[in-house]
Structures are given as structure tokens and as C-alpha cells.
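Q: predicted model, plus sequence, below.
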2 protein chains.
Amino acid sequence: MLEGNRGRLDNPFYFDHFMKRTEIATLGEFGLIDHLTSDIQLIQESSLKGVGDDAAILDHGAERTLVTTDLLLEGIHFDLVYTPLKHLGYKAAVVNFSDIYAMNGIPRQITVSLGISKRFSVEDLEDFYGGIKLACEIYGVDIVGGDTTSSLTGFTISVTCLGSIKEEDIVYRNGAKDTDLIYVSGDLGASYMGLQLLEREKTVFDGSKDFQPDFAGKEYLLERQLKPEARKDIVALLKEHEIVPTSMIDISDGLSSDLLHICKQSNVGCQLFEERIPIDYQTAVAAEMFHMNVTTVALNGGEDYELLFTVPLHKHDAMESVTGVRLVGHITKPEVGSYLVTRDGQEMPLRAQGWNPIATE
Amino acid sequence: MLEGNRGRLDNPFYFDHFMKRTEIATLGEFGLIDHLTSDIQLIQESSLKGVGDDAAILDHGAERTLVTTDLLLEGIHFDLVYTPLKHLGYKAAVVNFSDIYAMNGIPRQITVSLGISKRFSVEDLEDFYGGIKLACEIYGVDIVGGDTTSSLTGFTISVTCLGSIKEEDIVYRNGAKDTDLIYVSGDLGASYMGLQLLEREKTVFDGSKDFQPDFAGKEYLLERQLKPEARKDIVALLKEHEIVPTSMIDISDGLSSDLLHICKQSNVGCQLFEERIPIDYQTAVAAEMFHMNVTTVALNGGEDYELLFTVPLHKHDAMESVTGVRLVGHITKPEVGSYLVTRDGQEMPLRAQGWNPIATE
């Protein structure tokens, strides 16, 4: 159908039936975005940086404005069978704040657009908005606009977040240098294991409303999946200790994929040490229960919303005062490549096997 | 399902099975938005105005930043059977620019988030982006970011637009005063008649790819529906003649609904003269063909993206120099109410029967 309907703009009813068709999977998510946006040129004086980092950067006088946006679709990014709407609202806001923190900025405003279906009641939307409002209250962000419309299909959420930052404080993905140290905040893989737990219980959830699954001892995993937090505290700590990372990204696709983003954009290689990757006890127990390799979970699970950043080697001592982060490796020259150094000393090439909603479709 | 899954944020697994359920249709689109957003307070110094006008307003030093966002969903806002993707991209961008112009501002940057399904090829997305890029080129706007993900269901488009404006030039919806004159740009109802034509041909479109429907003499209607423009020129003309409207809105829901927005937010009434409503010849012919009342079409069709604005009575002579707009009525005291004065001198209460994707679901 679509092939027959690709008109030229000067004639809406020009149909071209034998056009080339390239499957999107051949490019992958990042390839597709590159393909579609590589020829975009910025003409506005106030557009300092467009597509390609955690947020765009606009020149608004004394400060810069950061802009980031996320689209969350039912069945792709969340499952309403086990996701309470209040949590979903909270998460939809927080994942955007996380992108602003990943530039070393402060989130200031969000807009929230929703596509809702008939099965939703006003109370459902109150719950959802309640989660958004709670997140905004906790992180000090204003809701300044949005759009609400019907959806014939699933629940659709689009959040755009604006943040502010001083020019000299901006941290891009492309500033990592050879010998820089690589740090990661918190611990990794818990959100992914929480998702596995919820997926396992899903059939039971569907069948009986009175069933209360026993998640005792696994609360942390569920919290990480259903109600993640953005690392506002780490950004504040770095500022307090006057440390400006050379590069930074938030871990949404997975440590492996996001570290490769930094390496690619900074034109460097890296060595990541398996034994240094921070993993919570509950994550390790759950991985064993599911017969999964916990390192693979930490590398590729994603949705951690922790900060991954690099600092110059000489900042090593200063970093000792920054609590809640761990040194996991160091940056190398590009020709060395990007490797995971395993516990037994082997070097495995890092690969972007992260959660990719386009490639894995 | 949803009723059983509305947890409290402190306990994700608290289920409350007998919660109240209010159907969204009981509130309608605007009622729902009011209901969900009425308790939102702005805490950021830079948040000057949030929900409630065409765009939010942020204080960024010398200039204000305007923010607006639109969510477009397949099956609700567009039908890919007869909408070429390049046109859809163009329209998705332009309707956001229109919101910025409706504040008297200048659109500067957009972000574009897409949810795409398997049936889309890379070429389809190139077409869509081609339309967005063309609109940005023509209106001088930068694409600075976005998000692209899979969709299990329909094509999902979320566009956020940032604009700029000087404090003293901002035009809200709430500034109309008794005796102000009401103007509208261009002509109304054409987009709605274009939609009717396309819907009528849809069955034929589906059945045979080689069929080329005969839209001779109706091109204008199709163009208004498939490739609308935002009234950048009117904003420029008003500036040139040093006229700052007392209130302004763009006509997306329909003249009737959008004029009532101005009246409600300005706490005034209005008299709108049927004989003054601008209607194109093609619109009139098509309305007759479809046995529709052309005034009803102009009042409630929507998607015109024309500017509706009010100016003080003493600007009447100055307005003579502003081409492309028509005086359609005047503002009254609130107790008078909001009326359409028909050709035969009767007064009919104006009603918001505009295109409302939530109420009419």
C-alpha cells in the first residue's frame, strides 16, 4: 500500500508503483537515524547542536537550553498488564530528565503528549499524570504543555524535556580522550532482571486479579524496572567537586551499546573490566535463577538510567570523593579497539547488543 | 484490566479492584486536559506560562522561548491510504509552526519523534523526512532532535516546536476586549471538504493502484487538506504595520470552537457575521455536491491553520493595509454571549462542534 502512495510534493496524486524498497532492519535504529538526519543543516543562530547527543543545545543568552524527547509506545516500551500507570508516568518523565543530566544539565520543563484509547478512564489518566507530577515535584521540573488525543490502538506517550546549562559545563559524548578513566554510577542489570520477573508472572497476572505474586527479596529489581530514578545526585556531586567529565551518556540501551556510542563519537577505543562492573546482589541471584550470565545482563540489559562518563586520568584522586560511582575501565587510542577484559584476562570485543526496538522487531 | 492495575507508587503491587471509573467522554478533550492540568504549578523561574495557550512561554534572557507540541496518530489524524508521506511530514511540521505564529512568534527549532511499523521501508521514511525538511527549509526552522522507535500498530508522529518572541510582542488567547474587531486570515472549510473528497475516493484507492481519481477543479481543497501552510506572512504583515493583536489563535478545531476559546479565556462574548465568513468558491461547490451547509463546514470543519485574531476598534483603518484577512465580527461584553448572526439577521449561539478526537471517539 505504502509503495503505491509515495507522491511527489508538487503533485499529491502522482503514483509510482515500482519504487525501491529497503527494509528498515538493514540499517538498524542508529543507522536509520543517521541515514535520515545526516543531511540536516542548522540555520538558526540559536541552534548550537542538533541531532546526535543526549539533547540538542540552543543558545538562549546567558545560558544554553537543552532539548530532548522520548516516544514510548504500548507493547514496545511498556506492558500495561504489569505496569501501574502512576509508575509509567513517573518513568516517562524521569527517562527524559536522565537525558538532560547526561549532558551535565538541569531539567527545567517538560511537555507531555498522550494518545489514549477508550479503555482508559479519567482515573487511569489521573494516575498516569499523578506519576508525572510526582516526578516533576521531586526533580523540580515544570509541566508546561502537551497534547491529548484519542488512539485507535495502544497508549502513546511523548515527552519532551527542556533543560538549562552554562556553556562551559556542557558534557558531550564526543570528548573522551586516550587514558581517560571510565566511571559508571550505581549498578547495572537490575532493571532488566525486574523485567524478566514481571514477564514471567504476566500470564498469572492476566488470569486472576486476586493473585498477588510473591516478589519478596526482589523488590529492588522491580523498582529499577518500574520506577527508575535519574542521577541528579551524581551531577550535583561532580559539580561540588569541580569535576567536569570529558564525555557522558546515560545508560538506556545497555553499558556495552552506550560505551560504544562514546567511543565512536570520541573516536577512541576502550578497555572495560568485567570484574569492575557494578552488580547488585539481587541482580546476581535473579540472573542465576534465570540461567543468564550476569555480565551479559549488565552489559546489554539497558534501562539502567545510570550515568556513564569519562574523566582525565589526573582526576583519579578527586574522584575518590565522588560516592556512588565506580571506575570500570579506561579509554584507549582508537586503533586498539573497544574490549571487555574478562575475569580470566581475555579480551572480548564489545558489541552493541543493547535493547534495540527497531533491529529486534 | 486497567482498573485492577492502578497501584500506589509506594507499592507497585497494591491492587485496588473496585475503583471508580469515569468515562473520558463525559469530560471531552478540553475538559479532560483542564481536569488533569488545573493543579499544575510552575516553580521554575524561567517558566512564564504553561498549559493553556497555543504554546508555553519560557524566559531565556532577552527573548522568550515558545514551546508547542502535537501528537499525530494513524487512523485518528491521518489515513495513509490517501496521504502521501511527504505531505504528511510537511503537514506535521507546519501545524506546529502554526501554533508558534498564533502567539505572534517565530518558529526556530523542532524535534521529530516517530513510531514506525514493519510495513514502512527506508524510502517511506525518506519521503516523510523529505516533507519535514522541505517545510523546515521554507519556514526557516531547524530539526534539532527526536526519537525513532518501532510501533506494533500505526504510524505515530510527535513533533515539538520551539519558537522565539520578544516579551512585548506575545499575543495570548486571553486579551480580547469588548468592542475589539475579529479578523480571520484566508478562507475556511476547504481542508474539511478536501478530506470529504479523499474519504469518498478511499474505497476506489484501496481497490486499484492504477486508478487515478479525477480531482480536476478541486485541487485547492486537496492542497488545503494534504499540504496546509502556516500564516507566517500574516504575522509579518501585522508586524510591518505595527499592529499587535489583543488575542490570537490558529484555527485547527474550527472557527466556532477556536473563537469560543478566545471568548472563554478573555471572558468576553462575540458577534460573528455569517455573511462575512471567508469561503472559497471550490469549498462552496463541494459543500453543495455533498449536501452540506457551507457555513457549518466553515464553522466546524477545522484544520484550516488560518489565524483568528482581535484588534482594538481604533486599529480598523490600519487593518485596511493588511491584505489577506477579513473582518468577521466583533467582541462584546461577556453577558451578551457568543453568537453567529445569520444572513437573515437571526442570532444563533456559537457551539464548539469542532473536530474533537476524544469526544467523537
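A: In hand now; what should we look at? Residues are numbered from 1 along each chain as shown, chains lettered A, B, ... in the order given.
Q: mean confidence for the helix or strand where residue A:318 lies?
A: Using DSSP states H and E, the element containing residue A:318 is helix A:316-319. Averaged over helix A:316-319, pLDDT sits at 96.
Q: next secondary structure element downstream of that helix?
A: Downstream of helix A:316-319, the next assigned helix or strand under DSSP H and E is strand A:325-332.
Q: where does chain A get nearest to chain B, residue-wise?
A: Nearest to chain B, among the residues of chain A, is residue A:61, at 2.6 Å (CB to the nearest CB). For glycine as for every other residue, the C-beta is placed from the backbone atoms N, C-alpha and C.
Q: that residue: neighbour count?
A: For residue A:61, the number of neighbouring residues by other CB atoms under 10 Å in any protein chain shown comes to 12.
Q: surely it meets residue B:64?
A: No: if you go by CB atoms under 8 Å, residue A:61 and residue B:64 don't touch, sitting 11.0 Å apart.
Q: who's in contact with the residue of chain A closest to chain B?
A: By CB atoms under 8 Å, 6 or more residues apart in numbering or on different chains, the contact list for residue A:61 reads B:60, B:61, B:62, B:63.
Q: report pLDDT for the second one.
A: Pointing back at residue B:61 there. Reported pLDDT for residue B:61: 77.
Q: outline the domain layout of chain A.
A: Following automatic domain parsing, one gets these domains for chain A: A:1-39, A:54-169, A:181-349.
Q: looking at those domains, which is closest to residue B:171?
A: Closest to residue B:171 of the domains of chain A, according to CB to CB: domain A:54-169, at 16.7 Å.
Q: which element, helix or strand, includes the residue positioned nearest the centre of chain A?
A: Nearest to the mean C-alpha position of chain A, by CA atoms, centre = their mean, lies residue A:252 at 2.8 Å. Using DSSP H and E, residue A:252 falls within no helix or strand.
Q: likewise for the one 4 residues further on?
A: The secondary structure element spanning residue A:256 is helix A:255-266 (assigned by DSSP H and E).
Q: do residue A:123 as well
A: Assigned by DSSP H and E, residue A:123 falls in helix A:122-139.
Q: same thing with residue A:39?
A: Short version, using DSSP H and E: residue A:39 is in no helix or strand.
Q: helix or strand right after the helix-or-strand element of chain A with minimal mean pLDDT?
A: The helix or strand of chain A with the poorest confidence is helix A:28-37; it has a mean of 70 (mean pLDDT, DSSP states H and E). Downstream of helix A:28-37, the next assigned helix or strand under DSSP H and E is strand A:47-49.
Q: which neighbours in the sheet does that next one have, and how are they oriented?
A: Sheet pairing of strand A:47-49 (DSSP bridges) gives strand A:56-60 (antiparallel).
Q: quick one: the strands in the stretch 201-350 of chain A, in order.
A: Secondary structure of the stretch 201-350 of chain A (DSSP state E, counting those that start in this stretch): strands at A:247-250, A:269-273, A:307-311, A:325-332, A:338-341, A:347-349.
Q: tell me which of those is the most buried.
A: strand A:307-311 (a mean of 27; mean count of other CB atoms under 10 Å in any protein chain shown).
Q: can you give me the angle it makes with strand A:325-332?
A: With axes from the mean of the first three to the mean of the last three CA atoms, to 10 degrees applied, the angle from strand A:307-311 to strand A:325-332 works out at 60 degrees.
Q: quick one: average pLDDT of strand A:307-311?
A: Per-residue scores along strand A:307-311 average to 98.
Q: relative to helix A:255-266, how tilted is it?
A: With the same axes, to 10 degrees applied, the angle from strand A:307-311 to helix A:255-266 works out at 40 degrees.
Q: distance to residue B:195 added to the strands of the stretch 201-350 of chain A, as TSV?
A: Shown next, in TSV, are the strands of the stretch 201-350 of chain A (distance: least, CB to CB, whole Å):
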stretch	distance to residue B:195
strand A:247-250	42
strand A:269-273	54
strand A:307-311	48
strand A:325-332	55
strand A:338-341	52
strand A:347-349	54
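Q: perfect, I'm done here.
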